[in-house]
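J.: Give me coordinates for this.
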Amino acid sequence: MKIAVYTIALNEEEFVERWYNSVKDADYILIADTGSTDRTAEIAKSLGINVFNISIKPWRFDDARNTALALIPDDIDMCVSLDMDEVISEGWREELEKMNGNQITYVFNNDHVKYSFVNNRIHSRHGYRWTYLMHEAIVADRIEQDTEFCYGIEVTHMPNRDKPRNQYLDLIKAALDENPTIARYYKYYTDALVSLERFEEAEQYYLKMLEIPGFNNSDSAHVYRILSRIIPEKFGEYMLCCLGVAPDRREPYYYIAKWYSENDRWEDCLSWCERALEVKDITVDIFKDNDAWGEPMLELYEKAKENKK
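T.: Predicted coordinates for the structure are as follows:
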């Protein structure tokens with residue numbers, strides 16, 4: 001199996017070496033540079049990475065990624081799309097070589113906001129294309145999609161936290177206007193509004209997102225969790241909604257227990273901790289919160305027992 005790793009990049013010099021060390025086991029590594037003015041291209045070339053300069057006007061992320069994909073040699077079997085601020089787990093190549101599907105899904109860890117979900121940016125060289133103006137998706141094109149989950153591959157997003165999160169606000173709004181029935185664009189737009197602390201405006205768009213047909217319980221729970229945080233005076237209202245759509249998940253019980261601890265109501269905190277710990281099955285999706293399944297949960301439980309005495 002011949003494997004390529006590819007990405008688009010703009011002024012990513014701080015990430016080039018880390019990204020390369022993560023993907024260097026690939027047969028072909030490609031960066032499509034969209035106009036960097038820093039040392040991104042220079043550093044990449046010094047590491048032996050294939051660097052191409054591309055220009056996309058008007059700017060669309062899907063067009064940029066499709067241009068990058070088209071630059072990959074035809075004899076490549078599988079492609080891994082990995083952004084410059086992401087890293088892929090050690091041993092990924094050996095795990096990928098065990099797979100037979102033409103699209104491989106895997107766990108994606110978003111370090112910036114501490115949640116995990118399943119992503120699908122590993123695909124065959126031919127028969128796939130990118131779509132959507134921003135926060136683009138890879139889709140099957142003229143082939144029958146054969147998706148397989150790989151338990152041995154994880155990708156972790158490790159961004160520069162000082163980088164403005166709202167730099168594409170107008171582009172995101174344009175994408176939302178272009179796709180008014182696609183929930184993901186409400187999510188991206190509301191996330192940007194939250195980064196600007198425009199909470200009341202974000203609340204209205206989050207509520208609109210919940211009305212979209214096909215919105216599943218995990219997605220709804222995730223939205224209610226965010227609403228409970230950005231509109232703290234409505235914590236109880238939104239967290240009860242969260243619990244209502246995800247009663248079999250540990251996360252809402254943990255959040256309620258944590259709220260009680262912050263308000264020195266330790267008996268209630270302990271009760272909700274116990275209810276949280278009764279949930280044993282982990283679901284890996286956008287709603288999964290590592291704190292609810294790790295030391296923070298156990299520490300809160302022990303603290304609640306101690307303070308209840």
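J.: now W272, nearest residue through space, not along the chain?
T.: A257 (3.6 Å; Cβ to Cβ, 6 or more residues apart in numbering). Bear in mind the C-beta positions are built from the backbone N, C-alpha and C, glycine included.
J.: what's next to whichever strand or helix holds the one you found, contact-wise?
T.: Using DSSP states H and E, A257 falls within helix 250-262. Identification of contacts with helix 250-262 by Cβ atoms under 8 Å, 6 or more residues apart in numbering yields 221, 225, 228, 235, 239, 242-243, 246, 266, 268-273, 275-277, 279, 282, 287-289, 291-293, 297, 300, 303-304.
J.: next SSE after it?
T.: Assigned by DSSP H and E, the successor of helix 250-262 is helix 266-277.
J.: Tell me which other helices or strands that following helix touches.
T.: helix 250-262, helix 295-308 (3 or more Cβ pairs under 8 Å, 6 or more residues apart in numbering; DSSP states H and E).
J.: any idea which of those is most buried?
T.: Of the helices and strands packed on helix 266-277, the one with the most neighbours on average (mean count of other Cβ atoms under 10 Å) is helix 250-262, at a mean of 22.
J.: Could I get the average pLDDT for that helix?
T.: For helix 250-262, mean pLDDT is 97.
J.: Just want the angle from it to helix 266-277.
T.: Going by axes from the mean of the first three to the mean of the last three Cα atoms, to 10 degrees, helix 250-262 is angled at 170 degrees with respect to helix 266-277.
J.: per-domain residue ranges of this structure.
T.: Domain assignment for the chain by automatic domain parsing gives 3-157, 169-308.
J.: Need the ones you listed in a markdown table (columns: distance to K163).
T.: Compiled in a markdown table, the domains of the chain are given as follows (distance: least, Cβ to Cβ, whole Å):
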| stretch | distance to K163 |
| --- | --- |
| domain 3-157 | 9 |
| domain 169-308 | 11 |
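J.: any idea how far D62 is from L30?
T.: D62 sits 17 Å away from L30, taking Cβ to Cβ, to the nearest Å as the criterion.
J.: for A140, same thing?
T.: Counting by Cβ to Cβ - A140 and L30 are separated by 21 Å.
J.: ok, those two, which is more surrounded?
T.: L30 (22 against 16; other Cβ atoms under 10 Å).
J.: Apart from its neighbours in sequence, what residue is nearest that one?
T.: With Cβ to Cβ, 6+ apart, the residue lying closest to L30 is Y6, at 4.2 Å.
J.: With E12 instead?
T.: That would be M84: by Cβ to Cβ, 6+ apart, it lies 4.0 Å from E12.
J.: so the one you found makes contact with Y20?
T.: No - if you go by Cβ atoms under 8 Å, M84 and Y20 don't touch, sitting 9.7 Å apart.
J.: Pull the number of nearby residues for D63.
T.: 17.
J.: Backbone torsions only: list them for E237.
T.: Dihedral pair for E237: phi -60, psi -50, per degrees, to the nearest 10.
J.: now the residue nearest to E12, what's its secondary structure?
T.: coil (DSSP: H, G, I helix; E, B strand; the rest coil).
J.: Pull the contacting residues for the nearest residue to A183 once chain neighbours are set aside.
T.: Using Cβ to Cβ, 6+ apart and skipping the chain neighbours, the partner closest in space to A183 is I212 (4.8 Å). Shown in contact with I212 (Cβ under 8 Å, 6+ apart): T181, I182, A183, Y186.
J.: One more: I49?
T.: V16, Y20, I29, L30, I31.
J.: give me that answer again for 7 Å
T.: If you count contacts by Cβ atoms under 7 Å, 6 or more residues apart in numbering, I49 has them with Y20, I29, I31.
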